[in-house]
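Student: the sequence isn't on hand, but the structure is:
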């Protein structure tokens, strides 16, 4: 069965960095486009960054220039390097897998499953 395990979150000061990791199991990792999502208190879950099987990367506007998504197919893992963190980045971060249509910042999810996520808290 599919499983996503997110890690790497924590409490940091504004301007600092974190590197999140997500390890997937139960799927053939290297055939899926991967995305990082976040959900802040009282808000909808939003797509933050995606990386395709061909390593095309795309980011939500507030993440451009600060976040970098990467993947390691040998480790079944996707990463999110977050620099220059701001209070608005505070959220629970999740990963998931699916298909991203070319040229679109969109991930059609293949799995109706979410991991527990990892909490990122940025104090200002």
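Tutor: Yes, it's here. Only a predicted model underlies this, so the values are computations on that prediction, with no experimental measurement involved. Numbering: from 1, shown residues only.

Student: least confident secondary structure element in this protein?
Tutor: strand 108-109 (a mean of 94; mean pLDDT, DSSP states H and E).

Student: check which helices and strands that strand sits against.
Tutor: For strand 108-109, the packing partners by 3 or more C-beta pairs under 8 Å, 6 or more residues apart in numbering; DSSP states H and E come out as strand 91-99. (C-beta placed from N, C-alpha, C; glycine too.)

Student: please name the residues that touch residue 87.
Tutor: The contact partners of residue 87, taken as C-beta atoms under 8 Å, 6 or more residues apart in numbering, are 14, 122, 123, 124.

Student: residue 119 too?
Tutor: 9, 10, 91, 92, 93.

Student: okay, and the beta partners of it?
Tutor: Applying DSSP bridges to residue 119 yields these beta-bridge partners: residue 92.

Student: can you tell me what sits against stretch 11-20?
Tutor: By C-beta under 8 Å, 6+ apart, the surrounding residues in contact with stretch 11-20 are 6-10, 36, 79-87, 93, 118, 120-124.

Student: again, but for stretch 97-111
Tutor: Contacting residues not belonging to stretch 97-111 are listed as 2, 4, 24, 27, 29, 32-35, 47, 50, 52, 56, 58-60, 96 [C-beta under 8 Å, 6+ apart].

Student: residues contacting residue 122?
Tutor: Residue 122 is in contact with 12, 13, 14, 16, 85, 86, 87, 88, 89, 90, counting by C-beta under 8 Å, 6+ apart.

Student: cool, thanks, signing off.
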